[in-house]
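# model the structure of this input:
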Amino acid sequence: PNLYPESEEFKIMPEVFATGYLVGFLEWACILAIKPHLDWPSEQSVGTHINVSHQAATPVGLEVIANVELVKIEGKKLTFNVEARDAVDIISKGVHERFIINKEKFISKVNEKK
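Next up, the predicted model:
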């Protein structure tokens with residue numbers, strides 16, 4: 001919840017680790033895993049695909065740990081196996097793909113959409 005504070009529907013949902021935050025958390029773990037191998041910050045990665053379960057709820061205050069493994073490199077496309085767990089359960093498993101980009105070129109291309 002709290003994903004969109006202006007949303008009445010989100011405001012009344014149970015206070016647990018929301019799926020949207022879980023996805024961002026898994027992306028962050030993948031970014032941290034590859035950052036030492038990139039020419040940061042000019043070379044970065046962007047998420048291009050995510051396919052994960054959210055199989056158990058995590059209450060506010062319970063620590064969540066992500067484990068990520070880079071399992072395939074195809075040129076600039078990176079594929080990770082991802083898993084998140086809290087102190088009680090595995091809360092998520094799946095696959096996340098990222099693509100290595102040149103930040104300046106990427107921003108230039110995005111700005112063409114304006």
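# how about the strands in this protein?
Along the chain, the segments classed as strands by DSSP state E run 43-52, 65-74, 77-85, 90-102.
# now render those as a markdown table, adding distance to residue 14 and mean neighbour count.
The way it works is simple: take the backbone N, C-alpha and C, and place the C-beta from them, glycine included. Shown next, in a markdown table, are the strands of the chain (distance: least, CB to CB, whole Å; neighbours: other CB atoms under 10 Å):
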| stretch | distance to residue 14 | mean neighbour count |
| --- | --- | --- |
| strand 43-52 | 20 | 15 |
| strand 65-74 | 22 | 13 |
| strand 77-85 | 18 | 19 |
| strand 90-102 | 14 | 18 |
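# who are the contact partners of the nearest residue to residue 91 once chain neighbours are set aside?
Spatial nearest neighbour of residue 91, excluding adjacent residues (CB to CB, 6 or more residues apart in numbering): residue 56 at 4.5 Å. Residue 56 is in contact with 86, 88, 89, 90, 91, counting by CB atoms under 8 Å, 6 or more residues apart in numbering.
# okay but the first one is in contact with residue 64, surely?
Yes - under the contact definition of CB atoms under 8 Å, residue 86 touches residue 64, with a separation of 5.3 Å.
# show me the contacts for the residue most central in space within the chain.
Nearest to the mean C-alpha position of the chain, counting by CA atoms, centre = their mean, stands residue 27 at 2.1 Å. By CB under 8 Å, 6+ apart, the contact list for residue 27 reads 47, 50, 96, 98.
# ok, residue 13 to residue 35 distance?
Relative to residue 35, residue 13 is positioned 33 Å away (CB to CB, to the nearest Å).
# now swap in residue 20 and tell me
Distance, residue 20 to residue 35, using CB to CB: 23 Å.
# rewinding a little: adding mean pLDDT and distance to residue 2, write the strands of the chain out as a markdown table.
A markdown table is the format used below for the strands of the chain (pLDDT from 0 to 100; distance: least, CB to CB, whole Å):
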| stretch | mean pLDDT | distance to residue 2 |
| --- | --- | --- |
| strand 43-52 | 99 | 20 |
| strand 65-74 | 99 | 20 |
| strand 77-85 | 99 | 18 |
| strand 90-102 | 99 | 18 |
